[in-house]
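Enquirer: I would like the atomic coordinates for the input below:
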Amino acid sequence: MIPIAFSIGVFPVVPMLWHQFIDALKVSQVDPRIQHVWWTKLHSWCLGGPIGRYFIGIGLGLYVLREQRISDGQVDDSLFESPHSRTILVAFIGLTISLFSFVCEHLSWTKTSLKSFSSLWPSELPGSFSTALLPSKLSGHQSEKAR
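Expert: Now for the predicted structure:
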């Protein structure tokens, strides 16, 4: 249910968030301050790794975009119309929870469906490899032959 609720809730704002995400990445790669502090430095690879490096760069780009809007005198009335790190962070957390619950649900369903077929596994059939080598079965089986 969580993935469905998340999809329905985020669907109307996905295009707007995606454009903010891309704009912040472009601004962070072009801005000379961010290039000097983040993109050209080795610590960006150490702190963020290949993927986290871009997420931190996007966060810095969102900060620069917000500064530009404030210096232009634009008022942030809506969390969706202007780039905010809070909006993207909440959507990312929701996506993470949604994916986690989807994986847990899938694993639970797989485990339940495999339990219903457990009587068909070869290890539980008489004379199979795993049951034939059990010591209790061997000792009982040999003693019957000897009698």
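
Enquirer: C-alpha only now, for contacts and for neighbours.
Expert: Will do.

Enquirer: how many neighbours does Leu47 have?
Expert: Around Leu47 there are 11 other residues, counting by other CA atoms under 10 Å.

Enquirer: can you check Asp23 too?
Expert: Using other CA under 10 Å, Asp23 has 17 other residues around it.

Enquirer: Pick out the residue nearest the middle of this structure.
Expert: Thr96 (4.8 Å; CA atoms, centre = their mean).

Enquirer: what separates it from Ser7, distance-wise?
Expert: 12 Å (CA to CA, to the nearest Å).

Enquirer: same check, this time on Asp72
Expert: Distance from Asp72 to Ser7, by CA to CA: 34 Å.

Enquirer: more neighbours, those two?
Expert: Ser7 (14 against 9).

Enquirer: In terms of helices and strands, where is that one?
Expert: Counting by DSSP states H and E, the element that carries Ser7 is helix 2-10.

Enquirer: and the helix ranked longest in the chain, what does it pack onto?
Expert: For the chain, the longest helix by residue count, based on DSSP state H, is helix 85-116. Under the contact criterion of 3 or more CA pairs under 8 Å, 6 or more residues apart in numbering; DSSP states H and E, helix 85-116 touches helix 2-10, helix 43-71.

Enquirer: Can you point out the buried residues in that helix?
Expert: Neighbour-count burial for helix 85-116, counted by 16 or more other CA atoms under 10 Å, picks out 85, 88, 91, 94-95, 98, 102.

Enquirer: picking that back up, quick one, the helix holding Ser7 and helix 85-116 angle?
Expert: Going by axes from the mean of the first three to the mean of the last three CA atoms, to 10 degrees, helix 2-10 is angled at 150 degrees with respect to helix 85-116.

Enquirer: Next, the residues that contact helix 2-10 from outside, please.
Expert: Defining contact as CA atoms under 8 Å, 6 or more residues apart in numbering, one finds that helix 2-10 is touched by 91, 94-95, 98-99, 101-102.

Enquirer: if I look at the residue nearest to the centre of the chain, how far off is Asp72?
Expert: Distance from Thr96 to Asp72, by CA to CA: 35 Å.

Enquirer: swap in Cys104?
Expert: 47 Å.

Enquirer: for the nearest residue to Phe55 once chain neighbours are set aside, what are its contacts?
Expert: Ranked by CA to CA, 6 or more residues apart in numbering and with sequence neighbours excluded, the top spatial neighbour of Phe55 is Gly48, at 7.9 Å. Residues near Gly48 by CA under 8 Å, 6+ apart: 54-56.

Enquirer: Alright, I will stop here.
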